[in-house]
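Colleague: Just a sequence and a predicted model for now, questions to come.
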Amino acid sequence: MFYNEEFETLPREALKALQLKRLQQVMQRVYHTVGFYKKSFDAAQIKPSDIKSMNDLKKLPFITRKDMSDNYPYGMFSVPMGSIVRLHASSGTTGRSAVFGYTRHDIETWSDLVARCLVAAGITKNDIIHNAFSYGLFTGGLGLHYGAEKIDASVIPISGGNAKRQLMILRDFGPTVICCTPSYALHLAQEAKTMGMDLKSFKLRVGIFGAEPWSKAMREEIEKTFSITALDIYGLSEVIGPGIAIECIEAHNGMHIFEDHFIVETINPQTGEVLPEGQEGELVFTSLSREAIPLIRYRSGDISRLITEPCRCGRTHIKMERALKRSDDMLIISGVNIFPAQIEAILVEIEGLEPRYQIIVDKAGALDALELQVEVSDKIFSDSGSVKELQKIEQRIVKDMQDYLGVEPRVKLVGPNTLKAGDKVIDKRRM
Ligand code: DLL
């Protein structure tokens, strides 16, 4: 089943020709509308008219997350605010967050792309979709929602949290599809067990899971517990959100990247050299149809491998393997992307803290748990009667982490020179 058969099955040569045409158009547009691109193309001595073949793409400089935050909030926009109808954002303190704008046309494109994903997952207007991706600045909730409406499916905008309520709705409303992070699905399974509910007796038949890495073993566990087919969906907010790639239900192996809208390259993360298709490396995306913030050669930080073999579903678009590793130190905690530097930025603002800390990530049941061990100054730590002071600092850290980053850590304050120098991050989760 296809949502847009013509484009999803375009012969590869025609697909490449379409990509080149769209790339040339987008190059012209960004060069003349976004100061950042003018500066970076001029510095690389490239004019939009120099792009004559897809081979010329590698002459263009990469865009990194740092470029996004250097241009916070609106420096990367290529249209005036009057044309923007939606803003999403990543978490972080001022200047460490990034803002993603959408024009009306971008929302249409995005909804169409998510609709493609849903149809590729075998979903139709007769399905009821339980959408437990968070609604809000995160692109998962609204992204999936608009796609579901586009195919006229019935969507339950439950968002994240409240596992017991989720289970009651899953039982009573009879949804046939569930969308959420894979770890949240396993959390629901654990809750169901304690509540004595049998998930297999529910009407669910397909699950769409993403926004964080998940292993084959996790997939098997989810499929067995829920008695569903579990499909991987991939995307990143900078490029558009969910809707960049999904596994088709026919092959259930590797995610098709919708190449009429995105160019994907794999690079060596150390040298930036473009690798042959099929070799593991960092994925770099170029958006071809985005109006508000077209990104040219955006380094995703995700390590994967492209699968070039034709797929039995009939889609001609290249596939990517599951993304399990990162080329940088970004942590994904319960679907929320966090950099250690963002945590440090919060800690340095709090008086009485030494700059030494350790971030420990582990599993608490199916969910992710974050612990922060932070050194406090000698004065506060040794002062008698400072227990209150310590509690105050602890509460402030928890609150700021929740407010700015959307995660709630367990905080352990320790005396000066207690933490060993070395790894600032210990990730105990097994993938
Ligand atoms: O996570 C968009 C999304 C929402 C994708 C719902 C799928 C479903 P961001 O918050 O910008 O956007 O996070 C993007 O999450 O660079 C990957 O590191 C990671 N990620 C997303 N999907 C997958 C996946 C959304 N299927 C970052 N497997 C990306 C592994 C994933 N990692």
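Modeller: Ah, there it is. Numbering: from 1, shown residues only.
Colleague: which parts of this protein sit against the ligand?
Modeller: For the chain, the contact set with the ligand under CB under 6 Å from any ligand atom comprises 133, 138-140, 210-213, 232-237, 241-242, 300, 302, 322-323, 332, 337. Where C-beta positions appear, they are placed from N, C-alpha and C, glycine not excepted.
Colleague: Buried residues, stretch 415-423. List them.
Modeller: Thr418, Leu419 (16 or more other CB atoms under 10 Å).
Colleague: thinking again about what came up before, just the ones of the residues of the chain next to the ligand in strands?
Modeller: Under the assignment DSSP state E, the residues of the chain next to the ligand contribute Gly210, Asp232, Ile233, Tyr234, Gly235, Leu236, Gly241, Pro242, Ser300, Asp302, Ile332, Asn337 to strands.
Colleague: Contact partners for Asn71?
Modeller: Phe36 (CB atoms under 8 Å, 6 or more residues apart in numbering).
Colleague: if we can go back for a sec, can you list the ones in strands among the residues of the chain next to the ligand in JSON lines and add pLDDT and neighbour count?
Modeller: As requested, those are exported to JSON lines (pLDDT from 0 to 100; neighbours: other CB atoms under 10 Å):
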{"residue": "Gly210", "pLDDT": "98", "neighbour count": "28"}
{"residue": "Asp232", "pLDDT": "98", "neighbour count": "22"}
{"residue": "Ile233", "pLDDT": "98", "neighbour count": "25"}
{"residue": "Tyr234", "pLDDT": "98", "neighbour count": "23"}
{"residue": "Gly235", "pLDDT": "98", "neighbour count": "26"}
{"residue": "Leu236", "pLDDT": "97", "neighbour count": "22"}
{"residue": "Gly241", "pLDDT": "98", "neighbour count": "25"}
{"residue": "Pro242", "pLDDT": "98", "neighbour count": "27"}
{"residue": "Ser300", "pLDDT": "98", "neighbour count": "23"}
{"residue": "Asp302", "pLDDT": "98", "neighbour count": "22"}
{"residue": "Ile332", "pLDDT": "96", "neighbour count": "17"}
{"residue": "Asn337", "pLDDT": "95", "neighbour count": "22"}
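Colleague: Quick check: the gap between Ser83 and Lys392.
Modeller: From Ser83 across to Lys392, the span is 46 Å (CB to CB, to the nearest Å).
Colleague: Excluding chain neighbours, what is closest to Gly122?
Modeller: Ile249 (4.1 Å; CB to CB, 6 or more residues apart in numbering).
Colleague: And Pro242, by the same measure?
Modeller: Gly235 (4.0 Å).
Colleague: Surely that neighbour is in contact with Ile257?
Modeller: No: applying CB atoms under 8 Å as the test, Gly235 and Ile257 come out as separate, 10.1 Å apart.
Colleague: Look up the residues that both of those two are in contact with.
Modeller: Ile244, Ala245.
Colleague: is it true that Val85 lies in a strand?
Modeller: Yes: according to DSSP: H, G, I helix; E, B strand; the rest coil, the state of Val85 is that of a strand.
Colleague: Could you pull out the helices in the chain for me?
Modeller: 5-8, 12-33, 35-43, 65-70, 104-120, 139-150, 163-172, 182-194, 216-226, 340-348, 378-382, 387-400 (DSSP state H).
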